[in-house]
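Asks: All I have is the shape, not the residue letters:
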């Protein structure tokens, strides 16, 4: 891991993900989590203040030790136990059907193998368990999509592996989830970076 990835990028991610437009998505999605929760790409813990007392425990997974150190500080005021796991999401150290709710926000874009990660999430979810998500990804507009495909090779190098051109609803469905709620549209900002997928999917 290079100097930029270790020291600069985590702080840039934390600052960028604290903007008001993104926080509004957190306020909408995160309070629906219940029971034992698995958060993939917990990052610096910016979702933590929006979980309710309906959560009994949270597992936060992220490969970045620097981001997890920030999350540890934010977890100090949580009303439920939080266990952080510094690792990727493709081999989770959790038992089958042991989680009630899974959460992923602005992370599927940067996971090397999102299909494997989502299959792992499905494995550990109980039958009927929910996956709550907010992600940015591929736009349906041809002009924006063209720029997303052009920019992604460079963007990945400076933004921690982030892809601008993944179709998030298709990824979630392909992992075996049933989509029960999906909202799409642009958030404020440059079109290639701000086409959002927000919703809920369940493990049948």
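Replies: Looks like it came in fine. Computed from a predicted model, the values in this text were never measured in an experiment. Numbers count the residues shown, from 1 in each chain.

Asks: Check the average confidence over the longest helix along the chain, would you?
Replies: Secondary structure of the chain read by DSSP state H shows that its longest helix is helix 142-158. Taken as a whole, helix 142-158 carries a mean pLDDT of 97.

Asks: go on, stretch 111-119?
Replies: For stretch 111-119, the mean per-residue pLDDT is 97.

Asks: Buried residues of that stretch, list them for me.
Replies: Applying a neighbour-count criterion of 16 or more other Cβ atoms under 10 Å, the buried positions in stretch 111-119 are 111, 114, 117, 118, 119. For glycine as for every other residue, the C-beta is placed from the backbone atoms N, C-alpha and C.

Asks: tell me the contacts of the fourth one?
Replies: If a contact means Cβ atoms under 8 Å, 6 or more residues apart in numbering, then residue 118 has 108, 131, 171, 172, 174, 175, 177 as its contacts.

Asks: pretty sure the second one is in a strand, no?
Replies: Yes - checked against DSSP: H, G, I helix; E, B strand; the rest coil, residue 131 lies within a strand.

Asks: is it true that it touches residue 124?
Replies: No - Residue 131 is not in contact with residue 124 according to Cβ atoms under 8 Å; the separation is 10.9 Å.

Asks: ok, the two, which is more surrounded?
Replies: Under the neighbour definition other Cβ atoms under 10 Å, residue 131 and residue 124 were set side by side, and residue 131 has more, 26 against 20.
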